[in-house]
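**Student:** Take this sequence and fold it.
(2 chains)
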Amino acid sequence: MYGQLIIEGLSIGACYAVFGIAVVIIYKTSEVINFAQGEMAMISTFVAYHILNVYGWPFWYAFIGACVFAVLLGLFIEVCFLRPAKNPSVLGLIVITLGAEMLLMGLAGWKWGGEQKDFSLPFSFHKTHELMGGLVINDWSIAVFVMAAVLMIFLFVFFRYTKLGVAMRATQQNEHAARIMGIKVERVFSFAWGFSSLIGALAGMFFAARSTLDPAYMMEPFLRAFAAAVLGGLMSIPGVVIGGGILGLLENFFGFYWPAWKPIVAFLVIVLVLCIRPSGLFARHYEKKV
Amino acid sequence: MDMKRDYYEDVQLFESNVVLFWSVVFLVFLFTLPLYAPAYRFYLFNLILVHVILAVGLNILVGYTGQISLGHAGFFAIGAYGTTLLMTKMGLPFIVALPLAGFISAAFGFILGLPSLRLEGPYLSIATLGFGLTVTHIIGHWDFFGGRLGLQVPPLDLGFGFILKTDIQKYYLILIITIFLVISARNLMKTRVGRAFVAIRDSDIAAEVIGVNLLIYKTLSFAVSAFYAGIAGGLFGFVLGFFNPEPFNLILSIIFLVMIVVGGLGSIAGAIMGATLITILQYSLLKNIQEVPYLGPFLVDVSQRWFTVIGLENMNNIVLGLIMIGIVIFEPLGMYGIWIRIKKYWRTWPF
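**Tutor:** Have a look, this model is predicted:
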């Protein structure tokens, strides 16, 4: 029984981790907390839903369409909302992304209405495979694990060996120096937003298959993923994956024993962790200068 | 322009006689408002006043002390439930229950202030956000708090059997409390405590070096802000007459933040303007957008062609989102910044 709880906890944790990676990529490059991440994924998933159900095209077309839309949406928000702000404060940036969140949520509600819809992936919950010892794992979990693993390897290679990845790391460490060294910082920011929007849309489709699709369905998963990212330190990608795993396990075990308190236990644990290690578990703490 | 020539000019409540004069005129206008406005409008006016209290309190925390809070809906809920439950379950009179609920809220604010000593920016925002969610979740799942069904507010008895029934009567009570709290906030900002808050906002390390005790002042700022939110919440319950945990969600915390950002961070007048504007938009204009001349039918037409008419109520979120983005991009100081610019323009007019 514990084994089953662990498998389920890890699979939902992996989904949080993938979504948390999207948050971390934006924070790593531009030090912006993107509160609109959940709603960007939500609206991309709605695009996939629209292509599937209104145009009646096959799933993979809808999937690719949603991915393309997600990239364009990320670029649009970066170019139109964040770039024009001149020297914004931390609070100003938070307010911009919160505004984008409300805007996207309102648009989705206007376009598709507030009622809950079914969205299904080819990876179903009901098709299960038996592992050793009577444990079962379903297709959805396998797909999430594969996606998380592929993404991790890709990001590791990307940030270590490609020019663009190194440019992103350089921009995060010192924007002015990066600019002087000839890195086009604006382009790096745009790329980060498009890329993270794409990752978010992937995770968003998995979340939609797990619950239902409506304009507010990404609120809770986003907060969990954000919490996982904070737990991991908001800066490191291995950190967010471990944070997501811890969060998924915690939530699943608490959900098994005290179902009523499942939604808040994660936050209580995170506040406690933050009180002990203010920058999360895996980030180095830089002292601020006066 | 506004040159301060000695120390006492900086600490006095009204900057000049002109400001004093217009403040008095404005207060007289507010007290005689039932003469000019129809009675059905007073529900909206009461909501505006409640939100003004909350925005002024939140501004002490965000605008003056520079901390971020995404959990003020939690304090608001503690105030509303605290006041109502103290009155119904413990039989306390309103005059005792309201401040007591405010102090309970302030105690929670103190507790939430403790992590703020070590956290900042995004980490603090997730801690406060978790607090807000936790409060909403607890009041939604515990039968003691009425659960999902909500609570019926007892009659608003001021003592000696003097019961306020109509919106206009409640308006006077809320107005007096609001004026008292706003003047207190303005006074607080002109004292040693207020200057300590501003010093923490500008740089907490530098403030600590010159002798500001961060432990005391950061938690004090959270507590004062939570006290205001608690009082506002208690009055909010009486304005509604009946409430459930539903409205005290994350969106409400965001809307509170929008109020002070739109009004102008770090200014009492800005908080008042922002709370007024956003409340009118939220509860009056955008709720009935289909009845606005020209714009309403146009939007219905657009909705029928490309969107859904039933989703038109989401206009609320769309407009608020656009306001939030626009204000940071074009006018980071908010409505107060626009006011300052107009004032400067008139002072130096021909040039």
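
**Student:** who's in contact with residue 260?
**Tutor:** Because you didn't say which chain, this covers chain A. By CB atoms under 8 Å, 6 or more residues apart in numbering or on different chains, the residues touching A:Ala260 are B:His141. All C-beta spots, glycine's among them, are computed from the backbone N, C-alpha and C.

**Student:** meant chain B actually
**Tutor:** B:Ala55, B:Leu58, B:Asn59, B:Val62, B:Gly63, B:Gly270, B:Ala271, B:Gly274, B:Ala275, B:Gly334.

**Student:** Is it in a helix, a strand, or coil?
**Tutor:** helix (DSSP: H, G, I helix; E, B strand; the rest coil).

**Student:** How about the residues of the stretch 51-200 of chain B by chain A?
**Tutor:** Taking CB under 8 Å from any CB of the partner chain as the contact definition, the stretch 51-200 of chain B meets chain A at B:62, B:68, B:114-115, B:118-123, B:125-127, B:129-131, B:133-134, B:137-138, B:141.

**Student:** can you map out the helices along chain A?
**Tutor:** Under the criterion DSSP state H, helices of chain A are mapped to A:2-30, A:37-50, A:59-77, A:90-112, A:139-161, A:163-173, A:175-180, A:185-210, A:219-232, A:237-257, A:262-276.

**Student:** hang on, the earlier thing: need the contacts of B:Ile260 in JSON lines (columns: secondary structure and neighbour count).
**Tutor:** Formatted as JSON lines, the contacts of B:Ile260 follow (DSSP: H, G, I helix; E, B strand; the rest coil; neighbours: other CB atoms under 10 Å in any protein chain shown):
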{"residue": "B:Ala55", "secondary structure": "helix", "neighbour count": "32"}
{"residue": "B:Leu58", "secondary structure": "helix", "neighbour count": "27"}
{"residue": "B:Asn59", "secondary structure": "helix", "neighbour count": "29"}
{"residue": "B:Val62", "secondary structure": "helix", "neighbour count": "25"}
{"residue": "B:Gly63", "secondary structure": "helix", "neighbour count": "28"}
{"residue": "B:Gly270", "secondary structure": "helix", "neighbour count": "28"}
{"residue": "B:Ala271", "secondary structure": "helix", "neighbour count": "33"}
{"residue": "B:Gly274", "secondary structure": "helix", "neighbour count": "28"}
{"residue": "B:Ala275", "secondary structure": "helix", "neighbour count": "30"}
{"residue": "B:Gly334", "secondary structure": "helix", "neighbour count": "25"}
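
**Student:** and which of these is nearest B:Leu295?
**Tutor:** Of all the contacts of B:Ile260, B:Leu295 sits closest to B:Gly274, with 22.9 Å by CB to CB.

**Student:** Can you give me the pLDDT of that closest one?
**Tutor:** Reported pLDDT at B:Gly274 in the predicted model: 91.

**Student:** now it, nearest residue through space, not along the chain?
**Tutor:** Leaving aside its chain neighbours, B:Gly274 sits nearest to B:Gly263 (2.3 Å; criterion: CB to CB, 6 or more residues apart in numbering or on different chains).

**Student:** Tell me which of the helices of chain A sits nearest to B:Arg201.
**Tutor:** Closest among the helices of chain A, once you apply CB to CB, is helix A:90-112, at 10.6 Å.

**Student:** coming back round to it: out of the contacts of B:Ile260, which comes closest to chain A?
**Tutor:** Proximity of the contacts of B:Ile260 to chain A (CB to the nearest CB) peaks at B:Val62, which lies at 6.9 Å.

**Student:** Hmm, B:Ile68 and the closest one touching each other?
**Tutor:** Yes: contact status for B:Val62 versus B:Ile68: in contact at 6.5 Å, counting by CB atoms under 8 Å.

**Student:** residues shared between the contacts of these two?
**Tutor:** Contacts common to B:Val62 and B:Ile68, judged by CB under 8 Å, 6+ apart, are A:Leu91.

**Student:** if I look at A:Ile264, how far off is chain B?
**Tutor:** 5 Å (CB to the nearest CB, to the nearest Å).

**Student:** In contact with that residue, which residues?
**Tutor:** B:Gly130, B:Leu133, B:Thr134, B:His137, B:Ile138.

**Student:** Give me the contacts around stretch B:166-178.
**Tutor:** B:30-31, B:33-34, B:39, B:42-43, B:45-46, B:49-50, B:52-53, B:156, B:158, B:164, B:231, B:235, B:238-239.

**Student:** hmm, try it at 10 Å
**Tutor:** For stretch B:166-178, contacts defined as CB atoms under 10 Å, 6 or more residues apart in numbering or on different chains pick out B:27, B:30-31, B:33-34, B:37, B:39-53, B:56, B:94, B:98, B:156, B:158, B:162-164, B:231-232, B:234-236, B:238-239, B:241, B:272.

**Student:** could you flag which of these are buried?
**Tutor:** Neighbour-count burial within the contacts of stretch B:166-178 applies to B:33-34, B:41-53, B:56, B:94, B:98, B:156, B:164, B:231-232, B:234-236, B:238-239, B:272; the criterion is 16 or more other CB atoms under 10 Å in any protein chain shown.

**Student:** quick one: A:Arg277 and A:Gly233 touch, right?
**Tutor:** Yes: using CB atoms under 10 Å, A:Arg277 is in contact with A:Gly233, at 8.6 Å.
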